[in-house]
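Student: Following is a predicted model, sequence given first.
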Amino acid sequence: MKLPDGYPRLGLLAGAVLWVVWAISCLLGPAILDLNGQVIGTDHTAFHTAAVLIGEGRGDALFDYPRLPIFQARQEEITGKPGFLDPYRNPPFYALLYRPTAGLPYLASYAVWAVIGVTILAAGLWLIHGAGVVRPLLWSVCFYPAFATVSFGQNTFLSLGIFALVFSAVVSEHRFLAGLAAGLLLYKPQLLLGLGIWWLIDVRRYWPAILGGSVTAGVLAAVSWLLLPSETAEWVRRLPDIAAYDRFEFYNLHTPRGFSYLLTGDKRIGDVFGLVGLLLAVAWLVRFRLRHGGDARLVFAAAVLATLWGSPHTMTYEWALLIIPAVVLWDTQVELRGEWLALFAVAWVALFVSTPLTKAQLGLFGHAIQTSVPVLAWVALRADRLLERRGPSPFRAAAGR
């Protein structure tokens, strides 16, 4: 399966058009809203508001679920949009990152963090790919989930940068350092799924990584308790309510859980299928590790993919982490680049069109098929088959001696 010459450039063109249209909408919209009446960088409001409230000594209001009256009132002031609410659900220590920009006007804070995010993306690509990141960076920003990361005001590029640090440490066999870096992902603990499973089933080799992650977890917990004691206590007390909070647009959720709920309209069925999807992702990763365990680069890529597909809460923007396995496969399995390009194109199109198609189906029928979920599963299984046919790579054979 190969793409005709010239087709890949259509992806760059489509990505460029997406950015241009969004930029025009932001520039012509009123105040901090775009032309659709949406707050620019919507999800950044949660991080910005949390930092503002902590600075005002009202950090307890961050987790007053399910209504969040004080948080919502302050967020309405910041955005100027009555009735607007985008809640903060991360651990309290994460909000400290946004304290330096809390005194800025909202759009300035958003712009600063957008630049920080793209810079981290470039640095992460350099750690994974090496020198010459301009081309992969250009392709990355034209990937719809990467665009969504910036336009939604999300923090996925920070996660990607942390994953890149872990990758660099794992490949160089600095496993304790890999664990130290991985522990930073505790602000979104579901992202540790793949790495945690991998390191647990290979515990004799990766116990230093588990130890390193535990050290980072302890440090972050201590920082949170020392600097934000009341906020941390409230977050722990309210954790079940925070985890159960699901007032978000499910058409942005690309997981088996989201697929099942959108198709049936029953959240209980969605939860059951989400659990089944999680178990399948774990089983696939265990099998993959047994067959490719000597090549840490391939297992790392598989761990990221298993995390994205198996997590119950992988939103559109978090699929930007798919850039990591794409780059790893492109760099390490050079002779399969023709096949990779075709698979990357299928995944690219699926994630580009699935959200708007799902939203349209919901409007017309009340139910929807989130096409990205089965398509991405097929892409993963197809890539797995290609690697199996290829056999042991030179890197893997050397690592296994």
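Tutor: Looks like it arrived, so ask away.

Student: what number of residues lie near the residue lying closest to residue 164 once chain neighbours are set aside?
Tutor: Distance criterion CB to CB, 6 or more residues apart in numbering; nearest residue to residue 164, sequence neighbours excluded, is residue 124 at 3.5 Å. The way it works is simple: take the backbone N, C-alpha and C, and place the C-beta from them, glycine included. Using other CB atoms under 10 Å, residue 124 has 28 neighbouring residues.

Student: now do the one 4 residues further on
Tutor: Using other CB under 10 Å as the criterion, residue 128 is surrounded by 26 other residues.

Student: quick one: residue 318 and residue 152 touch, right?
Tutor: No - between residue 318 and residue 152 there is no contact under CB atoms under 8 Å: 10.4 Å.

Student: ok, the two, which is more surrounded?
Tutor: residue 318 (27 against 21).

Student: Point me to the helix or strand that includes the residue nearest to residue 164.
Tutor: Per DSSP states H and E: residue 124 is located in helix 106-129.

Student: mean confidence for that helix?
Tutor: Here helix 106-129 scores 97 as its mean pLDDT.

Student: One more: stretch 239-248?
Tutor: 82.

Student: What are the contacting residues of it?
Tutor: Stretch 239-248 is contacted from outside by 63, 65, 66, 87, 89, 235, 267, 315, using CB atoms under 8 Å, 6 or more residues apart in numbering.

Student: Restricted to buried residues, select these in ChimeraX.
Tutor: The ChimeraX selection below is limited to those of the contacts of stretch 239-248 classed as buried (16 or more other CB atoms under 10 Å):
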select :63,65,87,89,235,315
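
Student: Restricted to helices, list the contacts of stretch 239-248.
Tutor: Counted as lying in helices by DSSP state H, out of those, are 235, 267.

Student: The contacts of stretch 239-248 into JSON lines, with extra columns for pLDDT and distance to residue 286?
Tutor: Formatted as JSON lines, the contacts of stretch 239-248 follow (pLDDT from 0 to 100; distance: CB to CB, whole Å):
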{"residue": "63", "pLDDT": "91", "distance to residue 286": "36"}
{"residue": "65", "pLDDT": "82", "distance to residue 286": "35"}
{"residue": "66", "pLDDT": "76", "distance to residue 286": "37"}
{"residue": "87", "pLDDT": "92", "distance to residue 286": "35"}
{"residue": "89", "pLDDT": "91", "distance to residue 286": "30"}
{"residue": "235", "pLDDT": "92", "distance to residue 286": "32"}
{"residue": "267", "pLDDT": "90", "distance to residue 286": "29"}
{"residue": "315", "pLDDT": "94", "distance to residue 286": "26"}
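
Student: need the contacts of stretch 239-248 in TSV with distance to residue 163, can you?
Tutor: Shown next, in TSV, are the contacts of stretch 239-248 (distance: CB to CB, whole Å):
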residue	distance to residue 163
63	27
65	29
66	32
87	25
89	21
235	24
267	30
315	17
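
Student: Pull the most distant pair out of the contacts of stretch 239-248.
Tutor: 235 and 267 (24.0 Å; CB to CB).
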